[in-house]
Structure formats: structure tokens, C-alpha cells
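1. for reference, the sequence and a predicted model appear below.
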There are 2 protein chains.
Amino acid sequence: MLTSRFLRNRCGAELTRAERMALENAITDILDIPARTTLIRAHEPVHVSTLLVEGFTSRYIDDRKGLRQLVGLHVPGDFVDLHSLPMTTLDHNIATLTASKVAIIPHAQLRRLIAQDRELGLKLWFSTLVDASLHRAWLFRVGRLDAVGRVAHFLCEVNARLEAVDLSDGHSFTFGITQADLAEACGLTSVHTNRVIRQLREAGLCTVRAPIVEILDRPALERRGNFDPYYLYLEEKSGARPLRAKAVR
Amino acid sequence: MLTSRFLRNRCGAELTRAERMALENAITDILDIPARTTLIRAHEPVHVSTLLVEGFTSRYIDDRKGLRQLVGLHVPGDFVDLHSLPMTTLDHNIATLTASKVAIIPHAQLRRLIAQDRELGLKLWFSTLVDASLHRAWLFRVGRLDAVGRVAHFLCEVNARLEAVDLSDGHSFTFGITQADLAEACGLTSVHTNRVIRQLREAGLCTVRAPIVEILDRPALERRGNFDPYYLYLEEKSGARPLRAKAVR
DNA sequence: CGAACGTTTGAGATGACTCAAGCGTTGTGG
DNA sequence: CCACAACGCTTGAGTCATCTCAAACGTTCG
């Protein structure tokens, strides 16, 4: 099923069978998109939402001189532009990084689904908020970590997200982006990113080669990147997530 | 009215009189909170949402060594934790920067409002997505701008947001945060932030002194910070916002 | 085979950091 | 009402991480 990875393993927001069918039936188009293709341009009105089925896409913001900052990455199962539903136009661009397959769901369909099923509406809302949570983790990464830490944190995140949708076994995964992409995501230059990758390899933490990333020492890599997966809102493998304390106030 | 600044001047999402009244009536508490007080701790379950009425609050993430990255700032009129409604726990902490007044609305009330009024639900969703949009702009700032640019961009943002809620005349505003706060928001050290502020002053762009920020040359400051206010989703002063092109696909 | 693209490496420049000290307010208790 | 502690701001000097510029190398693909 095209939607089978959407909200997979997301804590408390997993879709019911009925919800998944409803979403599946709302799909009006399935498209194959080549790598490096812009899907959505900032400021232009949007009337459909795009569910990523295969491949990787990025959100990015350009400065006046053409320097680009990646502000988000999407993996299969993510809605890349669900937020266009309440917002109607976006503040950033969305483009494929690798060749991708996407499913199209018109906003009109989504509005109908939400009207019929309030729970599904809340889950869609939830999924856009996970994107916001990712943004915050990216801010932490870029604002507070050194270059090695940033790349380590980023790779830990991608590994965890792909693991949640069965595209990583936790130790290696296919990730066909360039070092320049990695650099744009981490706020580094591609030259320095290259050196960072070498350092990670020489430290025995991970290897990044062509389209394969191998995590050699996951605990050490997570430590180096100050990585805590809480922000991904994934289901804990061992039952309920530990709720640390009682309510505030 | 306590809610009068919520979504004020937000493009296409301004509340109707009825919606505002409904929200106002859902408030169960009004609290005065001193500066530097934690409102919400990451990972703890939340059952109410908090609307900021006066003062400034921040969202932040700590690393293992206690280094802090601000990942968000809230000004009067912002819901600081509306996203706790679909998410139930947060991935980050929220604390006051200055003495603040907040209004409390229980999640149960919000759920009731959304069930009664789908449009209001979409507007609440919208307001959480503006936060996400701010995160993206912060990522761009921290990932792609130099120190002077980051501070310039940040001050432009605060000025524009305060202007939208009538707390800035566009040229100066009260903003009682420390240089250390500014540094944590921009991914800099406080020492360097101090030097940056001097540079901005000497270049005649703005002054930051005690609780007052003065914008001396707004166009130049916005240029220096690569600032484009689109991402704030504010109402254009002169009628409709220019929609650059037709729909995608 | 050659062009295009991505990766790798080197050398030098520089922006931001660290450490350290001094200064100016503000608030508080003797 | 003064003294002093606490806090935030300011400045200097030296260091280091990352950037810039430049060139070489290896694949892939037409």
C-alpha cells in the first residue's frame, strides 16, 4: 500500500485500518519524479499534498546569493507538504534529492477526510508537528554541535527514521545523497564535510560511501552527535514510552 | 481581551469575533510568571495550553553538557504550546525570558472548540505551522548566515512580529532579553554577540541597549540579515499579498 | 574516449571561540 | 546610607575550527 509507511511506528498516532484505507482512497495520482526536481516552489499556491512513497526529498531555503540551506529531509512515508493544507502557500522550496515516487492527494479530499473523521484530522496535525520537532532538533544540531557532531547527529536521525519504516536494519541503509547535500543540511561546506566523514570513518563510527551508509558503532555515534531520538516521537520497542513525571502545574 | 493578539494580522487566519469569544471563554486561568521560570519540561505530559499575553518566552534544548540552544521565541499573542494538544508531550523545554502573563486553556476545552468549529480548528493548526515556519527561518539563519547576519536577521524578525501585534512601531521596541539569550538564539557565544552588537551600532543599523532595541536603518538591517518576512505569514499592509504564479501541477 | 560530476587532499586565511580581566548597574543587608 | 555581591556588559589577546581557493583523482555515462 502506498500509505503503509505513513505514521508507521509513531507513538500514539498510528493509523487504524479504516483511516489508512480512507487515505489510500483519496490518492488521485502516483508520479515518478527524477532526482533534483523541484516539487514545490515557495510562495506559489498549492492545492494538493504529496506523500513520499520512495526516495528522498528536501526542503530548502536560498539566500540572495544562491547559497542553500536544507531545512528538512523526507523519507518514504512522510507527507512532504501536508502543511500546505492550512497554509495554502509555503515559505520554502521542496525538491527531490534522489529519484522518487510520490502519491498525490488533493486538499479537497483531505478536507473531506478531516470533516468525516476528527481523529484522523488530529493525526494529520500531529504529523506536521513532528516535522516541527525535527526542525528544532536540526536547530540544536546546527547551532550547538561542532562539525563532526552535526554529521553524526544527522546520520543517527536518518538511521532512526529509516528504521521506523523498515528501510534500515539499524546498521546500514541506502541513502543516495551527495556530500554537498549533507553539507547543506548541516550548515557546513562540502569540503569540510568530506573531512568530517573521514574522521568518522577513522574513529570507527560509521562509513558514508556512494549510496550506502554503514553505522559501525551506533552507541558511540549517538554519543558523539548528542543524539536522543525522543524528538522523533517513535513508538518504543519495549512497550510504552517512559513518562518521566506527572503533569505540569 | 487576553486573546486579542492571537493570530492578529496573520494572513488569512485572523479570527472572527465569534471564534475569539469562544477562545476567550475557554480560558480557565491567568497567571503571572517571573522571568527565567520553566513553564514546561520536555517529556512530561501536558494537559493544558498556554497563551502568552505579556512578556517573552523561549523554547530551548540542552545538550548533555548543559549548553543551551534556543529553538524558538514567543511574543505576546503566541500560543507557546498549542502543539502539546496533538502531541501530549514535548521534545523541548519552555521557559519565560522576562516576567510574563499567560492565559491557560485546558486541552479538553480546545478539543471541544475544534469539534464545534472546524474553521477554528484549521486556524489553530495554522498557528502551529507558523511556528514550524519560524523554525525553518531560524535554521537558515544559523546554518547560512555569519554572526552579524544572524543577529540582524533575528532582530528583524522580532521587530516584524512585534509590529504585527502593535508592540513595535517599526523603529524601536522593548525587548528585555540579555545578550546571552541573544547568543543562545543565534548559535553564538555571548562574548561574540557583544562584538556583533557593537558592529551593528557602528554601522548605523541598530542599537541594542538594556531593554530597548532601536532599528536605525531598517532596509539596511534587513539586507544585512538576508531577511524576507514572507515566512511570518503576515497580512500585507497594501491589500492582498502578491501571488507569484499559478498552482503547481 | 572525453565530459560531467562527485570526492579527496593541500595550504593558507579568517571568523568565531576561549580565557581572563575590568567595568557598570542594581539590589540587598548591615 | 553605604558596602558589597551578583549580574550583565565590554574589551583584549591568543587559539582553533572551519572556510576558501585550488588542483587532482575516480566514476559513470553518453
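-> Received it, and whenever you're ready, just let me know what you need.

2. quick one: residues contacting whatever residue of chain A ends up closest to DNA strand C.
-> Nearest to DNA strand C in chain A, going by Cβ to the nearest atom of the strand, is A:Q179, at a distance of 3.3 Å. In this view, the C-beta of every residue, glycine as well, is placed from N, C-alpha and C. Residues near A:Q179 by Cβ atoms under 8 Å, 6 or more residues apart in numbering or on different chains: A:190, A:193-194, A:197, A:208.

3. can I get the residues you listed in JSON lines including distance to A:T96 and pLDDT?
-> Below are these laid out as JSON lines (distance: Cβ to Cβ, whole Å; pLDDT from 0 to 100):
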{"residue": "A:S190", "distance to A:T96": "19", "pLDDT": "96"}
{"residue": "A:T193", "distance to A:T96": "21", "pLDDT": "97"}
{"residue": "A:N194", "distance to A:T96": "23", "pLDDT": "97"}
{"residue": "A:I197", "distance to A:T96": "23", "pLDDT": "97"}
{"residue": "A:V208", "distance to A:T96": "20", "pLDDT": "95"}
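
4. could those residues be laid out in a markdown table, adding distance to B:L145?
-> Below are those laid out as a markdown table (distance: Cβ to Cβ, whole Å):
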| residue | distance to B:L145 |
| --- | --- |
| A:S190 | 18 |
| A:T193 | 19 |
| A:N194 | 23 |
| A:I197 | 25 |
| A:V208 | 27 |
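
5. which pLDDT value belongs to A:R10?
-> Here, the pLDDT recorded for A:R10 equals 94.

6. ignore the last one, A:L243
-> Value listed for A:L243 in the pLDDT field: 43.

7. so is stretch A:54-73 next to DNA strand D?
-> No: using Cβ under 7 Å from any atom of the strand, stretch A:54-73 stays clear of DNA strand D, coming no nearer than 8.5 Å.

8. before we move on, back to that, the residue of chain A closest to DNA strand C and chain B, how far apart?
-> 16 Å (Cβ to the nearest Cβ, to the nearest Å).

9. out of the contacts of A:Q179, which are close to chain B?
-> Among those, no residue is within reach of chain B (Cβ under 8 Å from any Cβ of the partner chain).

10. farthest pair within the residues you listed?
-> Taking Cβ to Cβ as the measure, the contacts of A:Q179 span a maximum distance of 12.6 Å, between A:S190 and A:V208.

11. hey, what's in contact with both of those two?
-> A:179, A:182.

12. neighbour count winner among the two?
-> Counted by other Cβ atoms under 10 Å in any protein chain shown, A:S190 and A:V208 do not tie: A:V208 has more neighbours, with 21 against 13.

13. and the more buried one, that one's in a strand?
-> Yes: assessed with DSSP: H, G, I helix; E, B strand; the rest coil, A:V208 lies in a strand.

14. tell me the contacts of it?
-> A:155, A:179, A:182, A:197, A:200-201 are the contacts of A:V208 under Cβ under 8 Å, 6+ apart.

15. switch to 7 Å and redo it
-> A:V208 is in contact with A:I197, counting by Cβ atoms under 7 Å, 6 or more residues apart in numbering or on different chains.

16. quick check: bridge partners of it?
-> A:V213 (DSSP bridges).

17. show me the domain layout of chain A.
-> A:17-138, A:145-232 (automatic domain parsing).

18. now do the end-to-end distance for the shortest one.
-> If I follow you right, that is domain A:145-232. Domain A:145-232 stretches 19 Å from its first residue to its last (Cα to Cα, to the nearest Å).

19. export stretch A:108-121 to CSV, keeping only CA atoms.
-> Taking Å, rounded to 0.1, in the frame of the first residue of the first chain, the C-alpha atoms of stretch A:108-121 are listed here in CSV:
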residue,chain,number,x,y,z
ALA,A,108,-10.3,18.9,-1.1
GLN,A,109,-10.1,15.2,-0.4
LEU,A,110,-8.1,15.9,2.8
ARG,A,111,-10.6,18.4,4.0
ARG,A,112,-13.4,15.9,3.4
LEU,A,113,-11.5,13.2,5.4
ILE,A,114,-10.9,15.5,8.3
ALA,A,115,-14.5,16.6,8.4
GLN,A,116,-15.6,12.9,8.5
ASP,A,117,-13.1,11.7,11.0
ARG,A,118,-11.8,14.1,13.7
GLU,A,119,-9.3,11.5,15.0
LEU,A,120,-7.7,11.3,11.5
GLY,A,121,-7.6,15.1,11.5
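
20. what about the most centrally placed residue in chain A? Give its phi and psi, please.
-> Nearest to the geometric centre of chain A sits A:H74, at 3.4 Å (Cα atoms, centre = their mean). When quoted as degrees, to the nearest 10, the phi and psi of A:H74 stand at phi -120, psi 140.

21. so it makes contact with A:T57?
-> Yes: the criterion here is Cβ atoms under 7 Å, and A:H74 meets it with A:T57 at 4.6 Å.

22. which one is A:A164 nearest to, not counting chain neighbours?
-> A:N9 (4.3 Å; Cβ to Cβ, 6 or more residues apart in numbering or on different chains).
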